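> Provide a 3D model corresponding to the input given below.
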Amino acid sequence: MKTTVEPIAPGAFASAAPDTRTAGFASKRMARESKTMAVMVAIHCRRHHGSGAMLCLECRGLLDYANARLGSCRFGPAKPTCAKCPVHCYQPRRREQIRAAMRYAGPRMVWKHPVMSLRHWLDG
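Residues are numbered from 1 along each chain as shown. Okay, the predicted model is just below:
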C-alpha cells in the first residue's frame with residue numbers, strides 16, 4: 001500500500017509550547033490531551049509507516065478525527081480518559097486505529113517524553 005506524507009507544524013512533536021492545533025481547546029487539560037495524542041500518533045506513524053518527521057495521510061486523518069472528537073466531547077474539561085468514558089464517540093474502525101497507536105506509543109513515551117507520559121498517566 002502506498003502512503004503519502006503530509007507536513008505538519010515543525011516542532012509539533014517535541015515542543016512544549018502550544019501549537020495551532022491545540023490552541024482552540026477550552027482547557028489546558030484538553031489541549032494537553034490533544035498534544036499527547038499528536039505525539040503518540042507520530043511515534044506510531046514513524047515506526048509503522050516510515051514517515052519521518054511528517055505524518056502519512058492515514059495518520060493525519062486519524063489525528064484530525066481524534067481532535068474533532070476531543071473538541072466536541074460532551075463532558076468538556078471534566079471528561080474522563082477515553083478508556084474509562086461511558087460514551088464511546090469514536091467509530092469502531094477509528095477506535096481500533098487509535099488503540100493500536102496508543103498501545104505501540106505508550107511504552108515508548110516514557111523514554112521520549114517522560115513528563116508528558118507522566119501527566120497522561122496521572123490523568124488516567
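> pLDDT weak spots in the chain?
Applying pLDDT under 70 to the chain flags residues 1-24, 26, 51, 123-124.
> do you know how far the nearest residue to Val41 once chain neighbours are set aside is from Leu55?
Excluding its sequence neighbours, the residue lying closest to Val41 (Cβ to Cβ, 6 or more residues apart in numbering) is Leu63, at 4.9 Å. No exception for glycine: its C-beta is placed from N, CA and C like everyone else's. Using Cβ to Cβ, to the nearest Å, Leu63 is found at 7 Å from Leu55.
> circling back: now name the helix or strand holding the residue nearest to Val41.
helix 57-71 (DSSP states H and E).
> residues of that helix that come out buried?
Across helix 57-71, burial judged by 16 or more other Cβ atoms under 10 Å covers 58-60, 62-63, 66-67, 69-70.
> Report the next helix or strand after that helix in sequence order.
helix 92-112.
> Which strands or helices does that next one pack on?
For helix 92-112, the packing partners by 3 or more Cβ pairs under 8 Å, 6 or more residues apart in numbering; DSSP states H and E come out as helix 28-49, helix 57-71, helix 114-123.
> Now do the same contact list for the residue minimising distance to the centre of the chain.
In the chain, the C-alpha nearest the mean C-alpha coordinate belongs to Met37, at 1.4 Å (Cα atoms, centre = their mean). Contact analysis of Met37 by Cβ atoms under 8 Å, 6 or more residues apart in numbering lists 63, 66-67, 70, 98.
> Which one of the residues you listed is nearest to His88?
Lowest distance from His88 to those (Cβ to Cβ) belongs to Ile98, with 11.5 Å.
> Tell me, how many residues neighbour that closest one?
21 (other Cβ atoms under 10 Å).
> now the one 3 residues further on
The number of residues packed around Ala101, counting by other Cβ under 10 Å, is 23.
> what's the distance between it and Ala38?
11 Å.
> Arg95 now?
When Arg95 is compared with Ala38 (using Cβ to Cβ), they lie 18 Å apart.
> and what of Trp121?
Taking Cβ to Cβ, one finds Trp121 at 17 Å from Ala38.
> Of those two, which one has the most company?
Each of Trp121 and Ala38 has its neighbours counted (other Cβ under 10 Å); Ala38 has more, 22 against 12.
> Sounds good, over and out.
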